[in-house]
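Colleague: the amino acid sequence is not available; the structure is as follows:
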């Protein structure tokens, strides 16, 4: 066993420092205050919550940014079962438009932080960081409801980027599933995610271009699909990561082997219909990680 890699993996399991966590929390609270203080938003039913690596406690880098979802609940989008209509669910017309809502959220951020610290992007409104808060991406969304035939529904998010298209996500289901897997793996799920994310950053710094094709979100989802038995086995991080790499490489060799893999929410497929990454990207990254760590010399 390589003691150097064992020590490095062990160090990589740790989340950011308390100081960094405070700066993340400060950014989140200031965004909540901005929404609460803006007249046209103050009386709407809005949920504000963290999403992404910060909310999932899998962020790894100092000065990392934070994703904050601002979800309007007064108006929602929906998906219905086949052969059913909105009348079956007593769904009436909405009272808000998404473009107006995003404009209001942007105006609230400008009022709170100033125009120079607010940048409206295609999907998110970015708030500049400083010594008190980290950079934050504020994502205005509507609630997205996925109904089933008994009229119950799952609650997610939906929004429309300025440049077109539609994005649906399930951030709360992602968080809940991650917490449960972490409990079932002696807290090794999130620690393993941090190790693979930091490994990706180190390889990227060393010039491995494959890392640009494997975003941190994909890393987290790949680890999500590793069986709990693999995460719970082994007495060292060196050997545990080795077994994870072996599993991921074999399982992503062909489309058929991982066609049913889901994102952490288990409400979207990981590879089917995705344009941001491919199964081959994941397999190439895993193989290069194997060689980078030096497992091929064991």
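Modeller: Looks like it arrived, so ask away. Not measured: the values here are computed from a predicted model. Numbers count the residues shown, from 1 in each chain.

Colleague: next one: residue 50 from residue 179, what distance?
Modeller: 13 Å (Cβ to Cβ, to the nearest Å). Placement of C-beta: from N, CA and C, glycine included.

Colleague: quick one, strands of the stretch 101-250 of the chain?
Modeller: Counting by DSSP state E, counting those that start in this stretch, the stretch 101-250 of the chain has strands at residues 118-120, 125-127, 136-147, 153-159, 167-169.

Colleague: which residues touch the first one?
Modeller: Contacts to strand 118-120, defined as Cβ atoms under 8 Å, 6 or more residues apart in numbering, come from residues 106, 109-110, 125-128, 162.

Colleague: need the residues you listed in JSON lines with pLDDT and neighbour count, can you?
Modeller: Converted to JSON lines, the contacts of strand 118-120 look like this (pLDDT from 0 to 100; neighbours: other Cβ atoms under 10 Å):
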{"residue": "106", "pLDDT": "98", "neighbour count": "16"}
{"residue": "109", "pLDDT": "98", "neighbour count": "27"}
{"residue": "110", "pLDDT": "98", "neighbour count": "18"}
{"residue": "125", "pLDDT": "98", "neighbour count": "24"}
{"residue": "126", "pLDDT": "97", "neighbour count": "17"}
{"residue": "127", "pLDDT": "97", "neighbour count": "27"}
{"residue": "128", "pLDDT": "96", "neighbour count": "14"}
{"residue": "162", "pLDDT": "96", "neighbour count": "11"}
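
Colleague: more neighbours, residue 50 and residue 179?
Modeller: residue 50 (21 against 14; other Cβ atoms under 10 Å).

Colleague: over to the more buried one. Which of the three states is it?
Modeller: At residue 50 the chain is in strand, as set by DSSP: H, G, I helix; E, B strand; the rest coil.

Colleague: ok, which of the strands of the stretch 101-250 of the chain comes nearest residue 73?
Modeller: Taking Cβ to Cβ, strand 136-147 is the member of the strands of the stretch 101-250 of the chain nearest to residue 73, at 5.1 Å.

Colleague: other SSEs contacting the closest one?
Modeller: Here strand 136-147 touches helix 18-36, strand 66-79, helix 98-113, strand 125-127, strand 153-159, going by 3 or more Cβ pairs under 8 Å, 6 or more residues apart in numbering; DSSP states H and E.

Colleague: give me the residues contacting the third one.
Modeller: Spelled out, it's helix 98-113. By Cβ under 8 Å, 6+ apart, helix 98-113 touches 30-31, 33-35, 37-38, 40-41, 70, 72, 118, 120, 125, 127-128, 138, 140, 142, 159-160.

Colleague: on that earlier part again, can you redo the strands of the stretch 101-250 of the chain as TSV with distance to residue 76?
Modeller: Converted to TSV, the strands of the stretch 101-250 of the chain look like this (distance: least, Cβ to Cβ, whole Å):
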stretch	distance to residue 76
strand 118-120	23
strand 125-127	21
strand 136-147	4
strand 153-159	8
strand 167-169	12
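
Colleague: minimum distance to residue 290: which of these has it?
Modeller: strand 167-169 (31.2 Å).

Colleague: tell me what the helix or strand bottoming out on mean pLDDT in the chain is packed against?
Modeller: In the chain, no helix or strand scores lower on mean pLDDT, DSSP states H and E than helix 52-55, which sits at a mean of 84. Judged by 3+ Cβ pairs under 8 Å, 6+ apart, helix 52-55 is in contact with strand 66-79, helix 171-184, helix 216-224.
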